[in-house]
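**Q** The sequence isn't on hand, but the structure is:
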């Protein structure tokens, strides 16, 4: 399968660059406009990971409830959800 990371809407390039710069500053990576060949794989991956994290936020919900099978016991319940479009 061929990878295609081209932006389909040329006007979106500026917004994506701004989004990338914001994600880089959040994780402490110094990006420059244009080619960033000086970055390590870890730094580049952290920028991409932060972008995905901002696009698909994860929500955590925790609560305690009475056990359904044993009287007098409680269970800690944790739900981790994310919205994917």
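**A** Structure received. The structure displayed is predicted, hence computed values, not measured ones.

**Q** Spatially, what comes nearest to residue 79 if we skip its sequence neighbours?
**A** Nearest non-adjacent residue to residue 79, counting by C-beta to C-beta, 6 or more residues apart in numbering: residue 61, 4.6 Å away. Yep, even glycine has a C-beta here, placed from its N, CA and C like the rest.

**Q** Next, count neighbours for that neighbour.
**A** Residue 61 has 9 neighbours, counted by other C-beta atoms under 10 Å.

**Q** cool, and residue 39?
**A** Neighbours of residue 39 under the rule other C-beta under 10 Å: 17.

**Q** surely the residue nearest to residue 79 meets residue 78?
**A** Yes - with contact defined as C-beta atoms under 8 Å, residue 61 counts as touching residue 78 (7.2 Å).

**Q** Could you identify the helix or strand that succeeds the one helix or strand the residue nearest to residue 79 maps to?
**A** Here residue 61 sits within strand 58-66, counting by DSSP states H and E. Helices and strands here follow DSSP H and E; after strand 58-66, the next one along the chain is strand 74-82.

**Q** For that next one, name the packing helices and strands.
**A** Counting contacts by 3 or more C-beta pairs under 8 Å, 6 or more residues apart in numbering; DSSP states H and E, strand 74-82 is packed against strand 58-66.

**Q** Please consider this matter closed, and thank you.
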